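# Okay, predicted coordinates and the sequence, questions at the end:
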Amino acid sequence: MSKDISVTWSEGVTEQESHILLETTTQILRWLYLRHPSCLEEPPIQVRPFGNWAIPALVPDKPYWGAQWYIDASYDQELRHVIAPEFLELVRQEPWQRSEPHYDLALLDTPLTDFPVPLARLHRSHYCLGTSFPGMAAVMSVDRLRTISDDSLRELALARLVRHHLGHVFSIPPLTRTEGVLRYGLELHCTNRCVMRHAVDIEELVEMAREEYEIGWPFCPECTRSLHSVVIRYAHNWN
């Protein structure tokens, strides 16, 4: 039994940014499938690019009418940030998630905070690059990444951000892992030399992206084994 991963982005995300989002997601899955040849014919996790989608019959009166609705419904006008926990809760409660459980990966161009509104208003300088409900959905933002002046470095950082949150969508590292991990909110992060390390700001993200580029495959052996387990579970319908 296969499982879909819905990939969406906001209207302000550029064609190049959305390309990196899709290509990075596809590359990770393709690499995993090459180690499981039967998956090449029938991929157990299907990438579904929806982009900045909308359902014309629902616009603008009904909830869940399109990608922009999630942003509008979780945007705090005073802070001028999308409140990531509220955005992810909308994803968790969406009718399609209930009828056909799937993975969700979203990229926004709007500033993002992973604090709830009361705390975010006390810490107005705080921002996040992305956050997730492990095992279901992740939301990321290119807002801060656009401050990186070097084009190639900015693209490298975005690809790293996508890999990291794709890992969280797949529950990597798994909650059952007890060594070489660090908890941050709902997310568990790897402490090895791995793309599942947590980057707190742009500077750390860039530094880690450079380091991981040098080593090639960015996931450590422990996280790689967990990724293979996800593929095998859906390939053989072990739910």
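Yep, it's here. Residues are numbered from 1 along each chain as shown.
# Flag the shaky bits of the protein, pLDDT-wise.
Scanning the chain for pLDDT under 70 picks out 1, 237-239.
# Quick one: the strands in it, in order.
3-9, 45-51, 75-76, 81-83, 103-108, 112-113, 130-133, 137-141, 181-184, 187-190 (DSSP state E).
# Okay, now the sheet partners of the third one, with direction.
Listed by DSSP bridges, the sheet partners of strand 75-76 and their directions read strand 81-83 (antiparallel).
# mind listing what L129 touches?
Contacts for L129 (CB atoms under 8 Å, 6 or more residues apart in numbering) come out as 112, 140-141, 144-145, 161, 199, 201-202, 205. All C-beta spots, glycine's among them, are computed from the backbone N, C-alpha and C.
# List phi and psi for it.
With angles defined as degrees, to the nearest 10, L129 sits at phi -80, psi -30.
# now the strands of the chain as JSON lines including mean neighbour count and distance to C39?
Converted to JSON lines, these look like this (neighbours: other CB atoms under 10 Å; distance: least, CB to CB, whole Å):
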{"stretch": "strand 3-9", "mean neighbour count": "20", "distance to C39": "12"}
{"stretch": "strand 45-51", "mean neighbour count": "16", "distance to C39": "9"}
{"stretch": "strand 75-76", "mean neighbour count": "16", "distance to C39": "39"}
{"stretch": "strand 81-83", "mean neighbour count": "23", "distance to C39": "34"}
{"stretch": "strand 103-108", "mean neighbour count": "25", "distance to C39": "16"}
{"stretch": "strand 112-113", "mean neighbour count": "23", "distance to C39": "33"}
{"stretch": "strand 130-133", "mean neighbour count": "23", "distance to C39": "24"}
{"stretch": "strand 137-141", "mean neighbour count": "27", "distance to C39": "22"}
{"stretch": "strand 181-184", "mean neighbour count": "12", "distance to C39": "27"}
{"stretch": "strand 187-190", "mean neighbour count": "22", "distance to C39": "24"}
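# how about a markdown table for these, with distance to S38 added?
Output for the strands of the chain, formatted as a markdown table (distance: least, CB to CB, whole Å):
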| stretch | distance to S38 |
| --- | --- |
| strand 3-9 | 16 |
| strand 45-51 | 14 |
| strand 75-76 | 44 |
| strand 81-83 | 40 |
| strand 103-108 | 21 |
| strand 112-113 | 38 |
| strand 130-133 | 29 |
| strand 137-141 | 28 |
| strand 181-184 | 31 |
| strand 187-190 | 28 |
